[in-house]
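> The amino acid sequence is not available; the structure is as follows:
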């Protein structure tokens, strides 16, 4: 553990320079946009020139943000660790941990801009590049979908604002990675938390600020709420049967 801590400190220091380059690369096209648009301000009145410069700066910022999402998504797609459907447990001091941590840092680096484009085609494109298996007509309104390479979302599903979806947890000096599955026509409430290995079956709801523990399954057609989340009621059209009763994932 001491060796891991020392390596972590060294890599954290080195990663400052990596992140500087990571943020700098999208600035190049942003500066090009700024110079191109700002050139139209020549010959205008003082306030006209200010207006063009302001528009140039705004478009440059948007260009930087979109290029950052594209770069971050592509890099995460390339370097993220491969995890089998049943999950994976590795020591904290491992190559898998380094790759997972690098993806996490890159995702956090995109959050300031990602918050402005959720939900949109831009956010969905970023999440798909980063590894989310995303069905049609689903809205991801949260910038806290962590470990996107471990997240599976069906069709016509809504993930609420500030909902945190975590495909990892650290226990007893080990990193546990496991996919998080959200079915079709589901609702993940704002501010809720889904832990690694948890599952929302089709047509289910996780209430606002609820916490679904690791490897817990919400059966189809049920509403769960609370900390930890427990069964509240059935959605209309779903009767209470043995098959619908609350269960844990095996």
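Sure thing, it's come through. Here the structure is a predicted model, which is why all the values come from computation and not from measurement. Numbering: from 1, shown residues only.
> all helices of this protein, in order?
Using DSSP state H, the helices of the chain run over 2-24, 27-38, 46-79, 95-117, 121-130.
> So which of the ones you listed is the most surrounded?
helix 121-130 (a mean of 20; mean count of other CB atoms under 10 Å). Backbone N, C-alpha and C define where each C-beta goes, glycine included.
> what inclination does that helix have with respect to helix 95-117?
Relative orientation of helix 121-130 versus helix 95-117 (axes from the mean of the first three to the mean of the last three CA atoms, to 10 degrees): 170 degrees.
> In terms of secondary structure, what does helix 121-130 contact?
The contact analysis (3 or more CB pairs under 8 Å, 6 or more residues apart in numbering; DSSP states H and E) places helix 121-130 against helix 46-79, helix 95-117, strand 133-134, strand 139-140.
> Would you tell me which of the helices of the chain gets closest to residue 195?
Closest approach to residue 195 among the helices of the chain is made by helix 95-117 (15.7 Å; CB to CB).
> circling back: mind checking the helices and strands packed on helix 121-130 for the one nearest to residue 14?
Closest among those, using CB to CB: helix 95-117, at 11.1 Å.
> Excluding its own residues, what touches the closest one? List them.
Contact partners of helix 95-117, identified using CB atoms under 8 Å, 6 or more residues apart in numbering, comprise 11, 15, 19, 22-23, 64-66, 68-69, 72, 75-76, 79-81, 88, 90-91, 123, 126, 130, 143-144, 146-149, 168, 175, 177.
> Tell me who's in contact with the residue nearest to the spatial centre of the chain.
By CA atoms, centre = their mean, the chain has its centre lying nearest to residue 145, at 2.6 Å. The neighbours of residue 145, taking CB under 8 Å, 6+ apart as the test, are 127, 132, 151, 159, 163, 164, 165.
> which ones among the residues you listed are found in strands?
151, 159, 164, 165 (DSSP state E).
> Could you dump those into CSV and include neighbour count and pLDDT?
Converted to CSV, the ones in strands among the contacts of residue 145 look like this (neighbours: other CB atoms under 10 Å; pLDDT from 0 to 100):
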residue, neighbour count, pLDDT
151, 24, 96
159, 30, 95
164, 16, 95
165, 26, 96
